[in-house]
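A.B. asks: what's the 3D shape of this:
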Amino acid sequence: MNAALPQGDDSTDAAASIVPDEVRTFYAYTPASLLSNLVGAAVIAFTHWSTAPRLSLLAWLSAFSASWIVRLVLARRFAAAEPRDLASWHHWWRWWNAGALVSGAMWGLAATLLYGAEHTAAQVVLILIVTSLAVGATPVLSEQPRIFHAYVALCLLPLVVRVAIEGGAAHWPIALVLALILGLTTVLGRNYRSALQRLIALKAHTEQLAAQLGVEKAAAEVARRDAEVANRAKTKFFAAASHDLRQPLHALGLFAEALRQRSHADVEVVQLVNSINSSVDALDGLFNELLDITRIDAGGVDPAPAHFAVGEVFRKIKLHFEPTAFEKGLELRLRGGHRYAYADPMLVERIVRNLVSNAIRYTDDGGVLVAARARGDRLLLQVWDSGVGIRERERERIFDEFYQIADDAGALAPHQRKGLGLGLAICRRLADLMDAPLNLRSKPGRGSVFTLELPLGRAPRSSTDAQPRALGVGATLDGRRVLVVEDEPAVRSGLAVLLRSWGATVSSFDGAAPCLAWAAATRDADQAPELLIVDYRLGGASTGVDVIAALRARFGAGLPAIVVTGSLLSSHEQEATDHDFHLLIKPVAPSKLRAMIAFKLGVR
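C.D. replies: Numbering: from 1, shown residues only. As a prediction, the model looks like this:
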């Protein structure tokens with residue numbers, strides 16, 4: 001790099017940006033340079049004290065000492081200085097270069113004044129010291145070609161000339177060797193400079209790549225945050241859409257079923273109503289599947305493994321699916337509830353729910369078995385069915401998103417071809433999140449068994465296995481008294497119309513306060529409700545659970561109850577277990593509502 005870089009030139013902007021680093025490097029080298037020069041001067045003074053002319057030696061030592069002290073003072077002043085602009089840095093750079101050239105001149109002057117042909121030992125010492133100092137300056141000075149060449153020439157040229165003149169023809173080989181050393185030092189400086197320039201270029205390129213990587217990383221981070229915001233917004237949108245759309249869909253299904261009850265003579269109207277009911281039921285499944293797959297894709301599902309009783313999962317499965325199996329005439333059996341597993345109980349329950357739902361859907365005769373079996377240190381959680389089975393060529397693809405079993409041979413019934421084909425895909429993804437293998441064995445026409453392999457758990461210290469409660473059996477729905485609490489007018493009206501079309505006597509209220517006021521004023525035992533159907537959210541601080549507790553306190557603890565909600569939370573299921581009621585998620589298909597009511601009243 002040139003010591004006289006012009007200021008304000010666009011071509012030097014990149015070089016000027018590293019001038020402070022260069023100057024700091026030069027001054028950092030100064031202490032080592034001063035020490036080596038001082039040692040060299042002391043050795044020369046010792047070896048030439050008795051051989052060189054005394055006046056010449058003293059004159060050289062005086063000049064050397066003066067230049068050495070000036071360089072020392074310059075280094076200390078730079079250490080105390082704080083250059084603030086490029087001009088100041090160049091000022092200090094020029095002073096350092098001047099000191100380096102003066103140092104080279106001092107060693108050339110030593111060769112001129114002190115070299116004597118008749119003193120071999122002193123000659124060798126002088127040659128070694130001067131050549132060593134000339135070559136040793138290569139790493140620092142080679143970046144400045146002109147300064148480097150001038151320094152080497154000032155050190156070695158006087159020595160070459162002095163050897164050639166003083167020693168005559170006998171010393172010319174030494175002079176030639178010294179000339180060769182001068183040339184090789186020049187070449188060494190050029191090669192070192194080239195390597196250093198490549199290193200600097202590589203460093204600049206690396207810094208450029210690092211800066212580019214930083215920019216791209218920042219852009220990727222922004223994109224990641226935007227994606228997370230979009231995913232959260234998408235999840236919130238689906239959740240909001242799920243809750244808001246469930247209300248009108250729920251009311252639509254109720255009104256459609258009530259219309260069907262009044263249109264027995266008109267076959268076409270009955271078919272249209274059945275189609276509406278099927279569509280509402282399908283939309284319910286689509287909402288649940290889309291919301292689940294969205295949460296998984298958004299990274300909103302983090303497994304939290306714990307030791308849990310399989311019986312806890314079985315109790316919820318029984319609570320949710322026993323009415324559906326009861327309506328289809330299927331037997332739902334659960335075995336191995338005394339076992340324990342180590343996994344995320346909520347994810348395991350979600351997987352088993354999907355598997356049991358599919359098993360009931362694709363089974364028309366026989367039953368469904370959910371079993372937990374221990375195999376060594378593993379627990380096999382299995383769902384068996386006696387349904388249509390799965391052909392071999394489809395057994396792996398059924399875990400793909402949006403894939404549904406082809407219905408060529410052994411066509412599936414319309415009620416079996418529902419949903420988006422996301423249920424088993426959700427099961428596989430949740431199983432992968434827990435590193436739990438999910439396998440399938442099936443025989444077409446005989447049924448299927450899905451096996452979820454989990455680590456075997458142990459009983460928690462405070463674990464108590466709750467026993468499922470037995471449900472009483474009542475009379476037929478005709479004449480039965482049903483109490484409805486629902487704050488959504490359309491849903492309340494549709495539910496009342498549908499229940500009346502099934503022969504029930506209905507009392508409906510739009511909130512907790514009027515319902516409890518009616519209960520307090522009711523004295524006739526014939527007006528006491530036999531079944532409660534309440535919405536979970538009733539406005540204000542009251543919930544459907546509060547209404548159930550109050551009405552049971554008034555009419556009896558055994559009063560059966562159904563809670564309808566637009567969003568399924570884990571706390572709802574715990575409340576259902578604690579307060580002995582069943583949950584239905586809006587929109588509720590009339591067939592599912594009818595099956596649940598029949599189950600609660602013990603009517604097929």
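A.B. asks: Run through the helices of the stretch 301-450 of the chain in chain order.
C.D. replies: 310-328, 345-361, 423-433 (DSSP state H, counting those that start in this stretch).
A.B. asks: Tell me which residues touch the residue lying closest to S67 once chain neighbours are set aside, please.
C.D. replies: Spatially, and ignoring its direct neighbours in sequence, S67 is nearest to V102 (4.8 Å; CB to CB, 6 or more residues apart in numbering). Yep, even glycine has a C-beta here, placed from its N, CA and C like the rest. By CB atoms under 8 Å, 6 or more residues apart in numbering, V102 lies in contact with 67, 70-71.
A.B. asks: V102 should be in a helix, yeah?
C.D. replies: Yes. Counting by DSSP: H, G, I helix; E, B strand; the rest coil, V102 is located in a helix.
A.B. asks: Show me what the lengthiest helix in the chain packs onto, helices and strands only.
C.D. replies: In the chain, taking DSSP state H as the definition, the longest helix is helix 172-261. Judged by 3 or more CB pairs under 8 Å, 6 or more residues apart in numbering; DSSP states H and E, helix 172-261 is in contact with helix 120-136, helix 138-141, helix 145-167, helix 267-297, helix 489-501, helix 590-601.
A.B. asks: of the ones you listed, which approaches G540 most closely?
C.D. replies: When the helices and strands packed on helix 172-261 are compared by CB to CB, helix 489-501 sits nearest G540, at 16.6 Å.
A.B. asks: so where is the stretch 451-600 of the chain shaky, pLDDT-wise?
C.D. replies: 460-477, 525, 567-571 (pLDDT under 70).
A.B. asks: Give me the distance between V222 and R146.
C.D. replies: V222 sits 49 Å away from R146, going by CB to CB, to the nearest Å.
A.B. asks: same question, A219
C.D. replies: Counting by CB to CB - A219 and R146 are separated by 45 Å.
A.B. asks: excluding its backbone neighbours, what's nearest V485?
C.D. replies: Here the residue nearest V485, using CB to CB, 6+ apart, is V534, at 4.2 Å.
A.B. asks: ugh, typo on my part, it should be A595
C.D. replies: Per CB to CB, 6+ apart, closest to A595 is E327, 3.5 Å.
A.B. asks: Now do the contacts for the one you found.
C.D. replies: E327 touches 591, 594-595, 598-599, counting by CB under 8 Å, 6+ apart.
A.B. asks: Pick out the most distant pair among those.
C.D. replies: S591 and F599 (12.4 Å).
A.B. asks: Compare the two (neighbour count), which wins?
C.D. replies: The neighbour count for S591 versus F599, taken as other CB atoms under 10 Å, is higher for F599 (20 against 17).
A.B. asks: ok, the more buried one to H579 distance?
C.D. replies: With CB to CB as the criterion, F599 and H579 are 17 Å apart.
A.B. asks: Kindly report the same for F509.
C.D. replies: According to CB to CB, F509 and H579 sit 19 Å apart.
A.B. asks: which of these two has more neighbours?
C.D. replies: The residue with more neighbours, out of F509 and H579, is F509; 21 against 15, by other CB under 10 Å.
A.B. asks: what's the burial count for F555?
C.D. replies: Neighbours around F555, by other CB under 10 Å: 18.
A.B. asks: who are the neighbours in contact with it?
C.D. replies: Contacts of F555 (CB under 8 Å, 6+ apart): 519, 528-529.
A.B. asks: mind running it again at 10 Å?
C.D. replies: The contact partners of F555, taken as CB atoms under 10 Å, 6 or more residues apart in numbering, are 483, 519, 522, 525, 527-530, 532.
A.B. asks: what do you get for S33?
C.D. replies: Listed by CB under 10 Å, 6+ apart, the contact set of S33 reads 26, 68, 71, 75, 99-100, 103, 133, 136-137, 140.
A.B. asks: Please check those and keep the buried ones.
C.D. replies: 26, 68, 71, 75, 99-100, 103, 133, 137, 140 (16 or more other CB atoms under 10 Å).
A.B. asks: Just the closest of those to A45, please.
C.D. replies: Nearest member of the buried ones among the contacts of S33 to A45, counting by CB to CB, is W68, at 12.9 Å.
A.B. asks: what's the helix or strand for the closest one?
C.D. replies: helix 54-80 (DSSP states H and E).
A.B. asks: Tell me what the closest residue to P345 other than its chain neighbours is bridged to.
C.D. replies: Leaving aside its chain neighbours, P345 sits nearest to F308 (4.2 Å; criterion: CB to CB, 6+ apart). Applying DSSP bridges to F308 gives these bridge partners: A341.
A.B. asks: from memory F308 sits against G337, does it?
C.D. replies: No. Using CB atoms under 10 Å, F308 is not in contact with G337, being 11.5 Å away.
A.B. asks: Give me the distance between the residue nearest to S67 and F78.
C.D. replies: In terms of CB to CB, V102 sits 16 Å off from F78.
A.B. asks: ok, now D385?
C.D. replies: With CB to CB as the criterion, D385 and F78 are 87 Å apart.
A.B. asks: And the two? Which one has more around it.
C.D. replies: D385 (26 against 19).
A.B. asks: Contact partners for the more buried one?
C.D. replies: 330, 355-356, 358-363, 366-370, 442, 446-450.
A.B. asks: can you do 8 Å?
C.D. replies: 359-360, 362-363, 366-369, 447-449 are the contacts of D385 under CB under 8 Å, 6+ apart.
A.B. asks: again with S442
C.D. replies: 389-390, 395, 448-449.
A.B. asks: I'd say L454 and Y342 touch.
C.D. replies: Yes. Counting by CB atoms under 8 Å, Y342 is a contact partner of L454 at 6.9 Å.
A.B. asks: Comparing those two, which shows the higher neighbour count?
C.D. replies: The residue with more neighbours, out of L454 and Y342, is L454; 24 against 17, by other CB under 10 Å.
A.B. asks: Which residues outside whichever strand or helix holds that one are in contact with it?
C.D. replies: For L454, the host element (DSSP H and E) is strand 447-455. Residues from elsewhere that reach strand 447-455 (CB under 8 Å, 6+ apart): 341-343, 348, 351-352, 355, 359, 362-363, 366, 377-387, 389-390, 427, 431, 434, 436-442.
A.B. asks: Restrict that strand to CA atoms and write it as PDB.
C.D. replies: The C-alpha trace of strand 447-455 is given here as PDB (Å, rounded to 0.1, in the frame of the first residue of the first chain):
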ATOM      1  CA  GLY A 447     -61.200 -55.000   9.900                       C
ATOM      2  CA  SER A 448     -58.100 -53.100  10.900                       C
ATOM      3  CA  VAL A 449     -55.900 -52.500  13.900                       C
ATOM      4  CA  PHE A 450     -53.900 -49.300  14.500                       C
ATOM      5  CA  THR A 451     -51.000 -49.500  17.000                       C
ATOM      6  CA  LEU A 452     -49.400 -46.500  18.700                       C
ATOM      7  CA  GLU A 453     -46.100 -47.500  20.400                       C
ATOM      8  CA  LEU A 454     -45.300 -45.500  23.600                       C
ATOM      9  CA  PRO A 455     -42.800 -45.800  26.400                       C
END
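A.B. asks: Fine by me, thanks again.
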